[in-house]
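A.B. asks: need coordinates for the following:
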Amino acid sequence: MAGRSSGGGGIIQYDEHIDFSTFYELAKDHSERGNVREAAKIYRAVSEVIAEEMDRTDDSTGYYGEEFEWAIAHYGGALAEGNLEGEARKTHIEYLFEKYLENDPDYFREYYEETLEELCSEEGDYRYWKKLLSPHLPESLPEKEEGGINWDRREAVRLLSMRAHVLKNLDQKKELEELFERHYREDGKICLQYVNWLIETGEEEKAIEVAEEELENLGSRYSRKLRKILIDLYEDTCPEKDKQNLKELYFSQPREEYYRQLKSSCTDGELKELTKKITSELSGESLIEFHLLEDNRKEAFELVLESESLWKLRKYLEEVGDYDPETYFEVYSDLLADYLADDTGRSHYRKVIGHLQELKKLVLSERLRDYVEFLKEENANRPAFQDEISSFRVS
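C.D. replies: From the prediction side, this is the model:
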């Protein structure tokens, strides 16, 4: 990327995509001829150049992030293919671990960790990784901060989670259990790792105990994950607890799969109560989706119209628009006229044309044709709009 920048101040612009394919082809050629170490050097060099230049790169498109991910993954893949031994493997393990610790840029960190995990495949690898990691481990987790992120705490959790991964692969069960027992009450990520490990080792009763204990103490992200685990564990052993976890999961994250599982586990009376609870507690898209699942098209139709949201009208047009096309058209077109009046510019006008394309699906050609003429007349003083809409055809 060096020497290929453009724009003021040497910034690499968002639409300047430097092509690294020449380097990738060279690396591939080395790999095919058995020179995997040379191939690894090339992939590593590309990843380093990208990482070094990111502070002056506008990567709005995500292009360079994807190129970095590709390069560092193939660096690890080439090393794995090369069957390195002894000190050679340690050198690359240390390099990736140091890059992980540098955290620069921070959004590439996970790729270094993933590559490190791919490279380490033997006991000696994990022992060396454990040695590198040990000096950086926290003695305790920093306290959580109200209303903000404690970055020191987040870093400590990541390092402890990494240690758990290493200990698991070394099959050092005593140390691993000590780590989990010491910290699982303090952080959701560690708690989730502990529960999954207990299940893998056949300790399902202990897994349930830990999950139930911490369920209410964790944030929604990890509590949902724990509930999913409990649903699987309770499915054949405790139907009532299974049902309760499904309810909690559905109301915290109303998804079709959870509702269908929940519905199938309810008696007729329970289903009636559940429906009453859903219709009184859910709102917006969640309630619309529920009515669509139950084929309550009238209720879904009314909720979409009541939302007075162009986005929702567009999203649900094909599902409920034909329930009453005339009324749907009237509400949609009124909102669209207001939307058009609120802004100018070709980008805005093209979004309006996109909505007109959706209105065609209501198959009200004459009404749509009249509406387009109305928009043209109302916006006669907008030449850019007139130009954009001139290419729109009702049929």
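A.B. asks: can you give me phi and psi for Thr57?
C.D. replies: Phi and psi for Thr57, reported as degrees, to the nearest 10, are phi -120, psi 130.
A.B. asks: next: Cys266.
C.D. replies: phi -100, psi 150.
A.B. asks: number of nearby residues for it?
C.D. replies: Neighbourhood size, Cys266 [other Cβ atoms under 10 Å]: 16. For every residue, glycine as well, the C-beta is placed using N, CA and C.
A.B. asks: and it, how close does it get to Glu294?
C.D. replies: Going from Cys266 to Glu294 by Cβ to Cβ, to the nearest Å gives 13 Å.
A.B. asks: check Leu336 too.
C.D. replies: Separation of Leu336 from Glu294 (Cβ to Cβ) stands at 30 Å.
A.B. asks: which one of the two has more residues nearby?
C.D. replies: Between Leu336 and Glu294, counted using other Cβ under 10 Å, Leu336 has the larger neighbour count: 21 against 14.
A.B. asks: am I right that that one is in contact with Leu310?
C.D. replies: Yes - Leu336 is in contact with Leu310 according to Cβ atoms under 8 Å; the separation is 6.5 Å.
A.B. asks: spatially nearest residue to Gly65, not counting backbone neighbours?
C.D. replies: Using Cβ to Cβ, 6 or more residues apart in numbering and skipping residues adjacent in sequence, the residue nearest Gly65 is Asp59, 5.9 Å away.
A.B. asks: that neighbour should be in a strand, yeah?
C.D. replies: No - using DSSP: H, G, I helix; E, B strand; the rest coil, the assignment for Asp59 is coil, not a strand.
A.B. asks: now it: how far from Ile12?
C.D. replies: Distance, Asp59 to Ile12, using Cβ to Cβ: 8 Å.
A.B. asks: just Asp171 next, same as before
C.D. replies: Applying Cβ to Cβ, the value for Asp171 to Ile12 is 46 Å.
A.B. asks: between those two, who's got more neighbours?
C.D. replies: Neighbour tally, Asp171 and Ile12, criterion other Cβ under 10 Å: the higher count belongs to Ile12, 20 against 9.
A.B. asks: does the more buried one really touch Thr57, like I thought?
C.D. replies: Yes - judged on Cβ under 8 Å, Ile12 makes contact with Thr57 at a distance of 4.3 Å.
A.B. asks: how is the chain partitioned into domains?
C.D. replies: For the chain, the structural domains run 1-132, 155-216+226-234, 307-389, going by automatic domain parsing.
A.B. asks: can you add distance to Leu262 and mean pLDDT and give the ones you listed back as TSV?
C.D. replies: What follows is the domains of the chain, written out as TSV (distance: least, Cβ to Cβ, whole Å; pLDDT from 0 to 100):
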stretch	distance to Leu262	mean pLDDT
domain 1-132	34	89
domain 155-216+226-234	10	95
domain 307-389	22	97
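A.B. asks: got CSV for those domains, with distance to Ser280 too?
C.D. replies: Shown next, in CSV, are the domains of the chain (distance: least, Cβ to Cβ, whole Å):
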stretch, distance to Ser280
domain 1-132, 42
domain 155-216+226-234, 22
domain 307-389, 18
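A.B. asks: and Lys277, which of those domains is closest to it?
C.D. replies: Nearest of those to Lys277, taken as Cβ to Cβ: domain 155-216+226-234 at 17.3 Å.
A.B. asks: gap between the two ends of that closest one?
C.D. replies: Distance across domain 155-216+226-234, first residue to last, is 34 Å (Cα to Cα, to the nearest Å).
A.B. asks: centre of the chain to that domain, how far?
C.D. replies: Relative to its parent chain, domain 155-216+226-234 has a centroid offset of 23 Å by Cα atoms, centre = their mean, to the nearest Å.
A.B. asks: do the same with stretch 379-389
C.D. replies: In terms of Cα atoms, centre = their mean, the gap separating the centre of stretch 379-389 from the centre of its chain is 40 Å.
A.B. asks: tell me which residues in that stretch are buried?
C.D. replies: Buried residues in stretch 379-389, counted by 16 or more other Cβ atoms under 10 Å: 379, 382, 385, 388-389.
A.B. asks: quick check, nearest of the residues you listed to Ser347?
C.D. replies: Lowest distance from Ser347 to the buried residues of stretch 379-389 (Cβ to Cβ) belongs to Glu388, with 9.9 Å.
A.B. asks: and the closest one, what helix or strand is that in?
C.D. replies: Using DSSP states H and E, Glu388 sits in helix 383-389.
A.B. asks: got the contact list for that helix?
C.D. replies: Outside of helix 383-389, the residues within contact range by Cβ atoms under 8 Å, 6 or more residues apart in numbering are 340, 344-346, 349-350, 352-353, 356, 372, 375-376, 379-380.
A.B. asks: any chance of the residues you listed in JSON lines, plus secondary structure?
C.D. replies: Converted to JSON lines, these look like this (three-state DSSP):
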{"residue": "Leu340", "secondary structure": "helix"}
{"residue": "Thr344", "secondary structure": "coil"}
{"residue": "Gly345", "secondary structure": "coil"}
{"residue": "Arg346", "secondary structure": "helix"}
{"residue": "Tyr349", "secondary structure": "helix"}
{"residue": "Arg350", "secondary structure": "helix"}
{"residue": "Val352", "secondary structure": "helix"}
{"residue": "Ile353", "secondary structure": "helix"}
{"residue": "Leu356", "secondary structure": "helix"}
{"residue": "Val372", "secondary structure": "helix"}
{"residue": "Leu375", "secondary structure": "helix"}
{"residue": "Lys376", "secondary structure": "helix"}
{"residue": "Asn379", "secondary structure": "coil"}
{"residue": "Ala380", "secondary structure": "coil"}
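A.B. asks: of the residues you listed, keep whichever come out buried.
C.D. replies: Buried among those by 16+ other Cβ under 10 Å: 340, 349, 352, 356, 372, 375, 379.
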